[in-house]
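**Q** no sequence on this one, just coordinates:
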């Protein structure tokens, strides 16, 4: 499958297909927020007022993606989200308490559901084609991507818009922070991997991709393989999953020019990555990405976007303060969320 176009809103200056030549945006604290664009270019101002923040981000990223791909009407839309529209959910639940479950307006409830972003995109495009949302925790993006792949393989669609969206709001951040998920105090995202302490930093983002079954001559990359596995028994089981995945696609670690990992700065959850560096990944250059976007269930979509971006240019962006000894032709994206949800994506240059 070919990635024809992308759209990405994140805590970095990624919207508008920037060259990523600037220094990464630095944050101090344990929470990263998206840098939002001027939505008027993509959304009618009258609609903007009625949209919550996550809907605006999702719609704008999707429209930017379709604009770059020069696709007026996708044959299908698949979206993945773990949290859904938290701001509207919080608003609706708060009003239930405030008004004693009486005189509730339905708007906040309607916009709180997980499929709101995909539905809003369909409404704006007047697209009556296949439209599905996946709410599978940290596998949400991968399952949306898998659905798109199946539609393209079965020739049910020629162009599929795939996206992943999650946000962090004050109530959800407070609740998750109580579980010790995030590092306490002021943390620099650019120093995230040096602390070696418990916890990570919260993040959010909206990433969209236009997938096609046929090359266009100007694609970002091609998707060669996708695999997920849940709660491996240990390092040996993880290595077996990765080795088996590569073997099924007739690829060895020597064929991989770059491994993008989902390290998030949590000492416990990053330990398997360190062990893999000593075994499978030892001879291959590695990069991390969650210091740029933070940790959230569909953060792998940001890593997927970064891999596609690197493969389109053949070089590692200056944003990552690294360089490749040779042009990057094949990338393995390996992400783990809370040590339970593991995903592998194999991408290659066109």
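**A** On my side now, so go ahead. Not measured: the values here are computed from a predicted model.

**Q** tell me the gap between the lowest-mean-pLDDT helix or strand in the chain and the middle of its chain.
**A** Here the helix or strand of the chain ranked lowest by mean pLDDT, DSSP states H and E is helix 107-110, holding a mean of 80. Centre-to-centre, helix 107-110 and its host chain are 25 Å apart (Cα atoms, centre = their mean, to the nearest Å).

**Q** in that helix, what's buried?
**A** 108-109 (16 or more other Cβ atoms under 10 Å). To be clear about C-beta, it is placed using only N, CA and C from the backbone, and glycine gets the same treatment.

**Q** show me what the following helix or strand past that helix is in contact with.
**A** Toward the C-terminus, helix 107-110 is succeeded by helix 116-125 as the next helix or strand (DSSP states H and E). Helix 116-125 is contacted from outside by 43, 47, 51, 54-55, 58-59, 62-63, 66, 72-74, 77-79, 81, 84-85, 88, 110, 127-129, 131-133, 161, 163, 165, using Cβ atoms under 8 Å, 6 or more residues apart in numbering.

**Q** can you show me the strands along the protein?
**A** Listed in chain order, the strands of the chain (DSSP state E) span 2-9, 76-80, 130-134, 159-166, 205-212, 221-230, 258-261, 286-288, 330-337, 341-348.

**Q** mind putting these into a markdown table with distance to residue 94, mean neighbour count and mean pLDDT?
**A** Listed next are the strands of the chain as a markdown table, based on distance: least, Cβ to Cβ, whole Å; neighbours: other Cβ atoms under 10 Å; pLDDT from 0 to 100:
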| stretch | distance to residue 94 | mean neighbour count | mean pLDDT |
| --- | --- | --- | --- |
| strand 2-9 | 26 | 25 | 97 |
| strand 76-80 | 26 | 27 | 98 |
| strand 130-134 | 24 | 19 | 98 |
| strand 159-166 | 20 | 30 | 98 |
| strand 205-212 | 24 | 29 | 98 |
| strand 221-230 | 34 | 18 | 98 |
| strand 258-261 | 38 | 22 | 96 |
| strand 286-288 | 37 | 20 | 94 |
| strand 330-337 | 28 | 24 | 98 |
| strand 341-348 | 30 | 23 | 98 |
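
**Q** and the lengthiest helix in the chain, what does it pack onto?
**A** Identified as the longest helix of the chain according to DSSP state H is helix 53-69. Judged by 3 or more Cβ pairs under 8 Å, 6 or more residues apart in numbering; DSSP states H and E, helix 53-69 is in contact with strand 2-9, helix 86-98, helix 116-125, strand 159-166, strand 205-212.

**Q** what's in contact with the longest one?
**A** Residues from elsewhere that reach helix 86-98 (Cβ under 8 Å, 6+ apart): 52-54, 104-105, 108-109, 111-112, 116, 167-169, 171-172.

**Q** what subset of those is buried?
**A** Using 16+ other Cβ under 10 Å, the buried ones in those are 52-54, 108-109, 111-112, 116, 167-169, 172.

**Q** what domains does the record give for this structure?
**A** Domain assignment for the chain, taken from automatic domain parsing, gives 2-212, 221-348.

**Q** give the residue spans of the protein that score low on pLDDT.
**A** Confidence mapping of the chain against pLDDT under 70 gives the ranges 18-19, 21, 321-325.

**Q** where along the stretch 151-300 of the chain do the helices fall?
**A** For the stretch 151-300 of the chain, the helices defined by DSSP state H, counting those that start in this stretch cover 170-178, 235-248, 267-278, 290-293, 300-313.

**Q** the shortest one - contacts with which helices or strands?
**A** Under the contact criterion of 3+ Cβ pairs under 8 Å, 6+ apart, helix 290-293 touches no helix or strand at all.

**Q** how does it look with 10 Å?
**A** Counting contacts by 3 or more Cβ pairs under 10 Å, 6 or more residues apart in numbering; DSSP states H and E, helix 290-293 packs against strand 205-212, helix 300-313.

**Q** can you redo these as CSV with distance to residue 183?
**A** Shown next, in CSV, are the helices and strands packed on helix 290-293 (distance: least, Cβ to Cβ, whole Å):
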stretch, distance to residue 183
strand 205-212, 19
helix 300-313, 19
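
**Q** my guess is residue 71 meets residue 65, correct?
**A** Yes - applying Cβ atoms under 10 Å, one finds residue 71 in contact with residue 65, separated by 8.5 Å.

**Q** residue 27: what's it in contact with?
**A** Neighbouring residues of residue 27 by Cβ atoms under 10 Å, 6 or more residues apart in numbering: 11, 33, 186-190, 192, 201, 203, 291-292, 294.
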